[in-house]
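K.L.:
Give me a model of this one.
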Amino acid sequence: MTWNLLDAANQYVPFEVSQAGHLISQGTLTPDTLVWHPDLTDWTPARQVWDILTGAPLPSAGQPPPLPAPPPLPRSGPAAQFPSSRRPPGQARPPVKKRGIGFYVTCLVCGLVALMTFNLVRFVKNYKPHPKSPAEEALAAAEKVIQSKSGTSDGATPAEKEAAQLMAETSSLYRDSAISQASGTTRGIFRNAAKGIDAKNFVAYCKVKDDAALFLLHVPDLRKFEDAAKETMLEGAWTAAQFAVASMPEPRPKRLTVGIRGILSYYGGHTGKVIDLSVLDTLGDRDPTRTQLGIEKTTTDEAKLKKDFLSFFEVPVPSPAPASPAKSSTP
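P.N.:
Modelled structure (predicted):
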């Protein structure tokens, strides 16, 4: 409700109760000032309504009148934060704690981990496995045979299965013979392979396509062999495959590819031609050369080896039949 007062110049001064403290501090409103509002019948000294104007009783003589209580501060907005930023007079600003290098390193590591986690989740969510071709599926099935612990060699036909079994048995005998010959030396190339020699069997797989034969051989504990022993074992597997091809019925393959592997990966492979074994009988005690064994190319890169192996499992796409000639309408 609006009040009015008479100032020293007998002028009407309207004011609100919330402004009473400001008027008192200016000396405009005193206990003897005449005030009025519509609920009063006449102008009345302020001392008679002092408690209404200021919210406190009129002080005794000799004391200044108390100021009215300040209005409550807002609960939000910039004004709500103002009191907390004020410091009492004379109080120093609190010291700012400096962050060390560890804090920033931790922030950087957390950011990198979060980024890597986000990319990993997105990759797993969007990952779609590359479908294998029929040739890749067939090669994987063949590799599963030589990785098994059954010790049973296999092939696509009975003749191929028999050739695989013969090749695996001959390769095993070749390794045993090489270990026996090296047992008298202190640092034989097969010294690590001699441990647990009878624990596992050689397993082979044979695949014939057109005029070429493929032999995949699992050599037990190949990872324990030194490089020289691995090379010797690859050459022994090649020779064993030559004997296996010679036992196959006519028409025999004329080309040969051999690959050996351990439990995890291939070591290498030879590619070349099938030879006449009678050539080996003429050598006597001399070791045959690569040319006499029919070896033309050696590959140790596993990706290139598998590319060569896949060619044996690819099914040729039949060419479309030629279109029939159009019939002539001329009699």
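
K.L.:
for the protein, what spans make up the helices?
P.N.:
20-26, 50-54, 78-85, 101-126, 134-147, 158-182, 227-246, 278-281, 290-293, 302-310 (DSSP state H).

K.L.:
pLDDT-wise, which helix or strand of this protein ranks last?
P.N.:
helix 78-85 (a mean of 48; mean pLDDT, DSSP states H and E).

K.L.:
Contacts only, for S153.
P.N.:
S153 makes contacts with 145-146, 161, 164-165, 167-168, 203-206, as judged by Cβ atoms under 8 Å, 6 or more residues apart in numbering. Just so you know, the C-beta spots here come from the backbone N, C-alpha and C atoms, and that holds for glycine as well.

K.L.:
any idea of the pLDDT on it?
P.N.:
What the model reports as pLDDT for S153 is 91.

K.L.:
Setting aside sequence neighbours, what's the nearest residue to it?
P.N.:
A164 (3.9 Å; Cβ to Cβ, 6 or more residues apart in numbering).

K.L.:
Distance of the residue sitting nearest the centre point of the chain relative to V109?
P.N.:
With the centre of the chain defined as its mean C-alpha position, the nearest residue by Cα atoms, centre = their mean is L120, 4.9 Å away. The gap separating L120 from V109 is 16 Å, by Cβ to Cβ, to the nearest Å.

K.L.:
Dump the C-alpha coordinates for stretch 115-131 into PDB.
P.N.:
What follows is stretch 115-131, C-alpha atoms only, in PDB (Å, rounded to 0.1, in the frame of the first residue of the first chain):
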ATOM      1  CA  LEU A 115      38.100 -42.300 -27.800                       C
ATOM      2  CA  MET A 116      39.500 -45.800 -28.300                       C
ATOM      3  CA  THR A 117      36.500 -47.300 -26.500                       C
ATOM      4  CA  PHE A 118      34.100 -45.300 -28.600                       C
ATOM      5  CA  ASN A 119      35.800 -46.400 -31.800                       C
ATOM      6  CA  LEU A 120      36.000 -50.100 -30.700                       C
ATOM      7  CA  VAL A 121      32.300 -50.100 -29.800                       C
ATOM      8  CA  ARG A 122      31.400 -48.500 -33.200                       C
ATOM      9  CA  PHE A 123      33.700 -51.000 -35.000                       C
ATOM     10  CA  VAL A 124      32.100 -54.000 -33.300                       C
ATOM     11  CA  LYS A 125      28.600 -52.700 -33.900                       C
ATOM     12  CA  ASN A 126      29.200 -52.200 -37.600                       C
ATOM     13  CA  TYR A 127      31.500 -55.100 -38.200                       C
ATOM     14  CA  LYS A 128      30.300 -57.500 -40.900                       C
ATOM     15  CA  PRO A 129      32.500 -60.600 -41.500                       C
ATOM     16  CA  HIS A 130      33.800 -61.000 -45.000                       C
ATOM     17  CA  PRO A 131      31.900 -63.900 -46.600                       C
END
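
K.L.:
Check the offset of that stretch from the chain's centre.
P.N.:
7 Å (Cα atoms, centre = their mean, to the nearest Å).

K.L.:
now do stretch 237-252
P.N.:
46 Å.

K.L.:
Can you pull the poorly scored residue ranges out of the chain?
P.N.:
Counting by pLDDT under 70, the chain shows low-confidence ranges at 59-94, 96-97, 127-129, 181-200, 317-331.

K.L.:
got a list of what the residue lying farthest from the centre of it touches?
P.N.:
Residue farthest from the centre of the chain, counting by Cα atoms, centre = their mean, is D42 at 89.5 Å. Residues counted as contacts of D42 (Cβ under 8 Å, 6+ apart) are W36.

K.L.:
go on, the one 4 residues further on?
P.N.:
The contact partners of A46, taken as Cβ under 8 Å, 6+ apart, are 5, 29-35, 53.

K.L.:
Kindly give a single ChimeraX line that selects the buried subset of those residues.
P.N.:
In ChimeraX, this line selects whichever of those come out buried by 16 or more other Cβ atoms under 10 Å:
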select :5,29,33,35,53
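
K.L.:
Filter the contacts of A46 down to just the ones in strands.
P.N.:
5, 34-35 (DSSP state E).

K.L.:
Would you agree the residue nearest to S153 is in contact with Y205?
P.N.:
Yes. Using Cβ atoms under 8 Å, A164 is in contact with Y205, at 5.6 Å.

K.L.:
which neighbours do these two share?
P.N.:
By Cβ under 8 Å, 6+ apart, the residues touching both A164 and Y205 are 153-155, 215.

K.L.:
Tell me how many other residues surround A237.
P.N.:
29 (other Cβ atoms under 10 Å).

K.L.:
Lovely, talk soon.
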